[in-house]
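*Asks:* Structure for this input, please:
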Amino acid sequence: MAKLELIATAAFGLEAVVAQELRALGYDNLQVENGKVTFIGNEEAVCRSNLWLRTADRVLLKMGQFKATTFEELFQQTKALPWPEWIPPDAKFPVVGKSIKSKLYSVPDCQAIVKKAVVEKMKETYGIDWFKETGPTYKIEVALLKDVATLTIDTSGAGLHKRGYRKLTAKAPLRETLAAAMIMLSYWNENRRLVDPFCGSGTIPIEAAMIGQNIAPGLSRSFAAEEWPSIPKDMWQKVRREAQASIKYNQPLNIQGYDIDKEVLSLARYHAREAGVDEFVTFHPRDIADFSTKKKYGCIICNPPYGMRLSEIHQVEKIYQIMGRVFKPLDTWSIYVLTSHENFEKLFGRKADKRRKLYNGRIKCHYYQYFGPKPPSK
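*Replies:* This next block holds a predicted model:
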């Protein structure tokens, strides 16, 4: 098997979580940078990382990296890379790009140069002048940062947050990757109770159930690299069989989702069925003001409304004050709240034990973490 350099991209703030996941999969040679984790693997690593990474956005195959301050440098060094080792003559190979703080700032021009360079390389190798581009997709990205060009091919296709269970969407849905990260950054495990009092379409409870049952997040979807002839079909089948065999079907879970919107709860139940975890998660209508529990220990993980519009600010601030009041008796629970509101702690009435900066899409948020005591061993 070939030794490959792969990149797991991530939302800012989640790089360490992605690195933790990669180490758990057995990849130790890691380089963690802003927005990405580079790791070394083989063709099977392409399959395994796509199938199992819960918090990464995509898995990219790194083709090369070099300094480029002129279009000629970009063309020649792109052409020198071994594109035909991966891209067959019938492949689709669209080129996307981005440029930050670089002399080559025109992204369309950079894309055109890279496309031309790849075509010229493939012409030399395959001895043909025209590529129909009717086969599998190899999306190439040219990313320029401070005059350094990184050339990659996307192995994932659709972003890894698209698990396959959320076919319908609610207003302002939380991405599955961020929901999984919130859970993995908490003290929750499959033996503890988890409650999301603002569950919306159910993403946090469903992701928790998938983690608790050890269901690979990519088990119900396909990936771009599954169509690549350079990665055997039986390799994908082997990794999928292993993932299927590792599911903890008999693991009991105690996960509840509450929301004031009954219509969105029906969506949550539908998503739970699609994810195959509906017997492990329950959803009920409940206003946050009515929240209470007699359970001694548990975790609350939630993404309450942020109040992005001026007209919503007062209502949202009132919700945070209510949260502070109804959660105050839960001194043995661990509480985790994601919000963009800068005065959350003041409104909640308690300073967090730990804050972590995360991004919900393009919205800068803080993940406020309140740690309860460890439950006694059974």
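
*Asks:* Quick one, grab the pLDDT at the residue nearest in space to the middle of the chain.
*Replies:* Centroid-nearest residue in the chain: residue 177, 3.0 Å away (criterion: C-alpha atoms, centre = their mean). Here the pLDDT value assigned to residue 177 is 97.

*Asks:* Am I right that it sits in a helix?
*Replies:* Yes: counting by DSSP: H, G, I helix; E, B strand; the rest coil, residue 177 is found in a helix.

*Asks:* what about the residue nearest to it when sequence neighbours are not counted, neighbour count?
*Replies:* Closest residue to residue 177 apart from its sequence neighbours, by C-beta to C-beta, 6 or more residues apart in numbering: residue 161 at 4.4 Å. Quick note: C-beta positions are derived from backbone N, CA and C, even for glycine. Residue 161 has 22 neighbours, counted by other C-beta atoms under 10 Å.

*Asks:* Contact partners for residue 161?
*Replies:* By C-beta atoms under 8 Å, 6 or more residues apart in numbering, the residues touching residue 161 are 57, 175-178.

*Asks:* circling back: I'd guessed the residue nearest to the centre of the chain sits against residue 58; true?
*Replies:* No: counting by C-beta atoms under 8 Å, residue 177 stays clear of residue 58, with 10.2 Å between them.

*Asks:* Nearest residue to residue 193 in space, ignoring adjacent ones along the chain?
*Replies:* Residue nearest to residue 193 in three dimensions, not counting chain neighbours: residue 298, with 3.6 Å by C-beta to C-beta, 6+ apart.

*Asks:* correct me, but the one you found touches residue 197?
*Replies:* No: the criterion here is C-beta under 8 Å, and residue 298 misses it with residue 197 at 11.6 Å.

*Asks:* who does whatever helix or strand residue 194 lives in touch, helix- and strand-wise?
*Replies:* Under the criterion of DSSP states H and E, residue 194 resides in strand 193-196. Under the contact criterion of 3 or more C-beta pairs under 8 Å, 6 or more residues apart in numbering; DSSP states H and E, strand 193-196 touches helix 203-212, strand 254-259, strand 299-302.

*Asks:* Note down every partner strand of that strand and its orientation.
*Replies:* Taking DSSP bridges as the criterion, strand 193-196 forms sheet pairs with strand 254-259 (parallel), strand 299-302 (parallel).

*Asks:* Counting by contacts, list what the following helix or strand past the longest one packs against.
*Replies:* This means strand 254-259. Using DSSP H and E, the helix or strand that follows strand 254-259 towards the C-terminus is helix 262-275. Packing partners of helix 262-275 (3+ C-beta pairs under 8 Å, 6+ apart): helix 203-212, strand 254-259, strand 281-285.

*Asks:* what's the offset of helix 262-275 from the middle of its chain?
*Replies:* Centroid separation for helix 262-275 versus its chain: 21 Å, with C-alpha atoms, centre = their mean, to the nearest Å.

*Asks:* Let me know the average pLDDT across the longest helix anywhere in the chain.
*Replies:* Criterion DSSP state H: the longest helix present in the chain is helix 107-126. Helix 107-126 shows a mean pLDDT of 96.

*Asks:* Off-centre distance for that helix?
*Replies:* The chain centroid and the centroid of helix 107-126 are separated by 30 Å under C-alpha atoms, centre = their mean.

*Asks:* pLDDT on whichever helix or strand comes after that helix, on average?
*Replies:* Downstream of helix 107-126, the first helix or strand assigned by DSSP H and E is strand 139-145. Averaging pLDDT along strand 139-145 gives 97.

*Asks:* likewise stretch 262-269?
*Replies:* Per-residue pLDDT over stretch 262-269 has a mean of 95.

*Asks:* Kindly report the same for stretch 277-288.
*Replies:* In this model, stretch 277-288 has a mean pLDDT of 96.

*Asks:* before we move on, what about stretch 71-85?
*Replies:* For stretch 71-85, mean pLDDT rounds to 97.

*Asks:* quick one, strands of the stretch 1-150 of the chain?
*Replies:* 4-9, 30-33, 36-41, 58-67, 95-100, 139-145, 148-154 (DSSP state E, counting those that start in this stretch).
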